[in-house]
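**Student:** Have a look at this prediction, sequence included:
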Amino acid sequence: MTLRIQHLTRNFLPILLALLLLLSFSGCADLKKTFNYTSIDEEGNEVQGADINLPAKDLLVKGMDDYNVGKYFTAVEFFNDILNRFPFSPEATLAELKAADCSYYLERYVEALALYEEFENRHPTNESIPYVMYQKAMCNYKQIDRVDRDSAGAIKSIEQFNQLLKAYPNSPYTSEAKARIQTATEFLANHEYFVVEYYVRTEKFDQAKVRLKYLLAMYPDSNIAGKAKQLLTRIEAGDPPRSRLTSWFPKLNMPNWTIMGGGDKEDTTVTPQY
């Protein structure tokens, strides 16, 4: 019996000594750093993260306090801590959603889109799903760039806004989704006209005609449609513009959202009940 006790003592003594050394050497503040409860913000300053002793409800309150004043970088630390330590708590659902929102407002749109999709897959009947669908579309909408760039963001956002309108035609996001669709559609029409400008400038008039006809078929009500019809008429008549093209091809950028009759939405998330 004595030998067995000595054997156990010999095996566990180094572990106990290591733990005592860690506690005495680090102290409470340094212990949090050891377990990554501090982080560095975007300006390079150290930020104190979630307290290891806080329960899920307190972490959620602290996270929402930061979130509501735009401190998304620190807020997401609290939300992620809930998900890591209390994944089955009543607070975890809201923390999951707000973590996605933090990524969105930090302009990490690819990451935010993935998080919204995960939320939708895990909670398909949650009352916040219309909001999540809207935010998924916005993640693509926010990636729309100049008309000479990739148009995938506009195409995908229109598809996702339409999915929202079909699934929830009377949601609080219906009017904004329709306006965003109109704006993204104008962008796509402008993108096509930009391609036409390239073909005319390089005197590839047959290709220009094809793209103009496509533009008019796909976007007949766009703001650029009138100018496209005039240009197509001239090309088909054998009289394409050959002088300076500035009057025919203005700088075509993403239509201003404020001109379209809306603005960036405020966060109107439906808080899950718990």
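**Tutor:** Nice, I can see it.
**Student:** Mark out where each domain of this structure begins and ends.
**Tutor:** Domain assignment of the chain by automatic domain parsing yields the ranges 32-106, 129-274.
**Student:** any weak-confidence spans in the stretch 1-150 of the chain?
**Tutor:** Counting by pLDDT under 70, the stretch 1-150 of the chain shows low-confidence ranges at 1-53, 148.
**Student:** That one: strands as residue ranges?
**Tutor:** Under the criterion DSSP state E, counting those that start in this stretch, the stretch 1-150 of the chain contains strands at 38-40, 46-48.
**Student:** so which strand or helix has Tyr193?
**Tutor:** Here Tyr193, judged by DSSP states H and E, is contained in helix 174-201.
**Student:** Check which helices and strands that helix sits against.
**Tutor:** For helix 174-201, the packing partners by 3 or more C-beta pairs under 8 Å, 6 or more residues apart in numbering; DSSP states H and E come out as helix 129-141, helix 152-167, helix 205-218, helix 225-236. Quick note: C-beta positions are derived from backbone N, CA and C, even for glycine.
**Student:** and the shortest one, what other elements does it pack with?
**Tutor:** Contacts defined by 3+ C-beta pairs under 8 Å, 6+ apart place helix 225-236 against helix 174-201, helix 205-218.
**Student:** highest average neighbour count across those?
**Tutor:** Comparing these by mean neighbour count (mean count of other C-beta atoms under 10 Å), helix 174-201 ranks first with a mean of 20.
**Student:** you'd agree Glu81 is up against Lys62?
**Tutor:** Glu isn't right for residue 81; it's Asp. No - under the contact definition of C-beta atoms under 8 Å, Asp81 does not touch Lys62, with a separation of 9.5 Å.
**Student:** Give me the more crowded residue out of the two.
**Tutor:** Set side by side, Asp81 and Lys62 give different neighbour counts by other C-beta atoms under 10 Å, the larger being at Asp81 (22 against 19).
**Student:** Return the distance of that one relative to Glu127.
**Tutor:** The spacing between Asp81 and Glu127, counted by C-beta to C-beta, to the nearest Å, is 25 Å.
**Student:** Likewise for Gly70?
**Tutor:** Here Gly70 is placed at a distance of 25 Å from Glu127 (C-beta to C-beta).
**Student:** out of those two, which sits in the more crowded spot?
**Tutor:** Neighbours per residue (other C-beta under 10 Å) separate Gly70 from Glu127, with Glu127 holding more: 12 against 9.
**Student:** Please report how far that one lies from Ser171.
**Tutor:** On the measure of C-beta to C-beta, Glu127 and Ser171 end up 11 Å apart.
**Student:** ditto for Thr183
**Tutor:** Relative to Ser171, Thr183 is positioned 19 Å away (criterion: C-beta to C-beta).
**Student:** Repeat that for Glu117.
**Tutor:** Plainly put, Glu117 is 18 Å away from Ser171 if you go by C-beta to C-beta.
**Student:** I'd like the helices and strands packed on helix 225-236 laid out as TSV, including distance to Phe86 and mean pLDDT.
**Tutor:** What follows is the helices and strands packed on helix 225-236, written out as TSV (distance: least, C-beta to C-beta, whole Å; pLDDT from 0 to 100):
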stretch	distance to Phe86	mean pLDDT
helix 174-201	34	94
helix 205-218	49	96
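**Student:** So for Ser103, which of the helices and strands packed on helix 174-201 sits nearest?
**Tutor:** Using C-beta to C-beta as the criterion, the shortest distance between Ser103 and the helices and strands packed on helix 174-201 is 9.0 Å, found for helix 129-141.
**Student:** what's next to stretch 154-169, contact-wise?
**Tutor:** 129-130, 133-134, 136-138, 140-141, 144, 171, 173-174, 177-178, 180-181, 184-185, 187-188, 191 (C-beta atoms under 8 Å, 6 or more residues apart in numbering).
**Student:** what mean pLDDT would you report for it?
**Tutor:** Here the mean pLDDT over stretch 154-169 is 97, rounded to a whole number.
**Student:** one step back: now the domains of the chain in a markdown table, with distance to Asn121?
**Tutor:** Formatted as a markdown table, the domains of the chain follow (distance: least, C-beta to C-beta, whole Å):
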| stretch | distance to Asn121 |
| --- | --- |
| domain 32-106 | 11 |
| domain 129-274 | 10 |
